[in-house]
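Novice: with the input below, show me the fold.
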Amino acid sequence: MSFELELFLAALALAGGGILKGAIGAGAPVLAIPALSLIFDVRYAVAVLVIPNLITNLSQWWQYRDKMLPHAFTALFAAGGALGALAGSFMLAFIPPDILLTVVGLVVVLYIAFRLIRADWVLSYSRGLFLAGPAGFAGGLLQGAAGLSAPVSMTFMSAMKLERPTFIATISVFFMLMSIIQGPTLAGLGLLSWTILLHGMAALALMLGFMPVGAWLARRVRRETFDKLILVLLGAIAAKILVTAFL
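Specialist: Numbers count the residues shown, from 1 in each chain. Predicted structure coming up:
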């Protein structure tokens, strides 16, 4: 694959992540991480998205900050995520890249399965509060090790059937705190260099540029249709990852 083609495909992945983020308030890594992992490798994909994840979530949290769930829930969920991301970052550093790529593919398959099988799952606030810490930790572990917390974090939060502003405000705190932990940890492990940091700033600009497109689509395309398109795309990416990993 030529450098120009790699750059073009990476830009498409990041633009798609920005569109998804703008449309539903979360999920940019769901598209970007698998695609970047195929083009480059999992460690690069996770590291390059630390800054975009931090800034895009800070932006969305600020917009909806008065809509968050109560502080007790948000703190438990975010703290669990931070601890999980710390542990997961060490897994990212020491697990072989081919195994990490397989993990990314399987995590995407898991996410698709949850979306299809448990679409009607409803979680009460009281039960959600009880599970917030463990769910946050599990999501953080996946985020740190593979860059994808969505099978846990988005499934968990979606099950609470929150209004869009409340969902965005609460999950943004979760993602922000994980990014704050991930950055220094990955730098200390030698996975986040100044070069990757600069790449991350370019990725941030691209994602921010396409987030308004996602917000526009969210107002004009039925959520069910949008979700189905995303799942089909993710299925194709997951299949490619797993074929690459096992052949």
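
Novice: show me where the protein dips below the pLDDT cut-off.
Specialist: 1, 27, 118-120, 223, 226-227, 247 (pLDDT under 70).

Novice: and after the longest helix along it, which helix or strand comes next?
Specialist: In the chain, with assignment by DSSP state H, the single longest helix is helix 194-220. As assigned by DSSP states H and E, the chain's next helix or strand after helix 194-220 is helix 223-246.

Novice: give me the most central residue, the chain.
Specialist: residue 29 (3.6 Å; Cα atoms, centre = their mean).

Novice: residue 149 contacts residue 81, correct?
Specialist: Yes. Under the criterion of Cβ atoms under 8 Å, residue 149 is in contact with residue 81, at a separation of 7.1 Å. Any C-beta I mention is one placed from the backbone N, CA and C, and that applies to glycine too.

Novice: shared neighbours of these two, anything?
Specialist: Residues touching both residue 149 and residue 81 comprise 139-140, 143, 174-175, 178, with contact defined as Cβ atoms under 8 Å, 6 or more residues apart in numbering.

Novice: show me where the chain has its strands.
Specialist: Remark: no strands are assigned in the chain by DSSP state E.

Novice: quick one on the thing from earlier: packing partners of the longest helix of the chain?
Specialist: helix 3-24, helix 28-39, helix 42-48, helix 50-64 (3 or more Cβ pairs under 8 Å, 6 or more residues apart in numbering; DSSP states H and E).

Novice: just put the ones you listed in TSV and tack on distance to residue 219.
Specialist: Converted to TSV, the helices and strands packed on helix 194-220 look like this (distance: least, Cβ to Cβ, whole Å):
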stretch	distance to residue 219
helix 3-24	9
helix 28-39	19
helix 42-48	30
helix 50-64	16
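
Novice: of all the ones you listed, which lies closest to residue 158?
Specialist: Residue 158 lies closest, by Cβ to Cβ, to one member of those: helix 3-24, at 9.4 Å.

Novice: alpha carbons only: can I get that closest one in CSV?
Specialist: Taking Å, rounded to 0.1, in the frame of the first residue of the first chain, the C-alpha atoms of helix 3-24 are listed here in CSV:
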residue,chain,number,x,y,z
PHE,A,3,1.9,6.2,1.5
GLU,A,4,-0.6,8.3,-0.3
LEU,A,5,-3.2,5.6,-0.1
GLU,A,6,-2.5,5.0,3.6
LEU,A,7,-2.9,8.7,4.2
PHE,A,8,-6.2,8.9,2.3
LEU,A,9,-7.6,5.9,4.1
ALA,A,10,-6.5,7.2,7.5
ALA,A,11,-8.2,10.5,6.7
LEU,A,12,-11.4,8.7,5.7
ALA,A,13,-11.3,6.8,9.0
LEU,A,14,-10.9,9.9,11.1
ALA,A,15,-13.5,11.8,9.1
GLY,A,16,-15.9,8.9,9.7
GLY,A,17,-15.1,9.0,13.4
GLY,A,18,-15.8,12.7,13.5
ILE,A,19,-19.2,12.2,11.7
LEU,A,20,-20.2,9.4,14.2
LYS,A,21,-19.1,11.6,17.2
GLY,A,22,-21.1,14.5,15.9
ALA,A,23,-24.2,12.3,15.2
ILE,A,24,-24.5,10.4,18.5
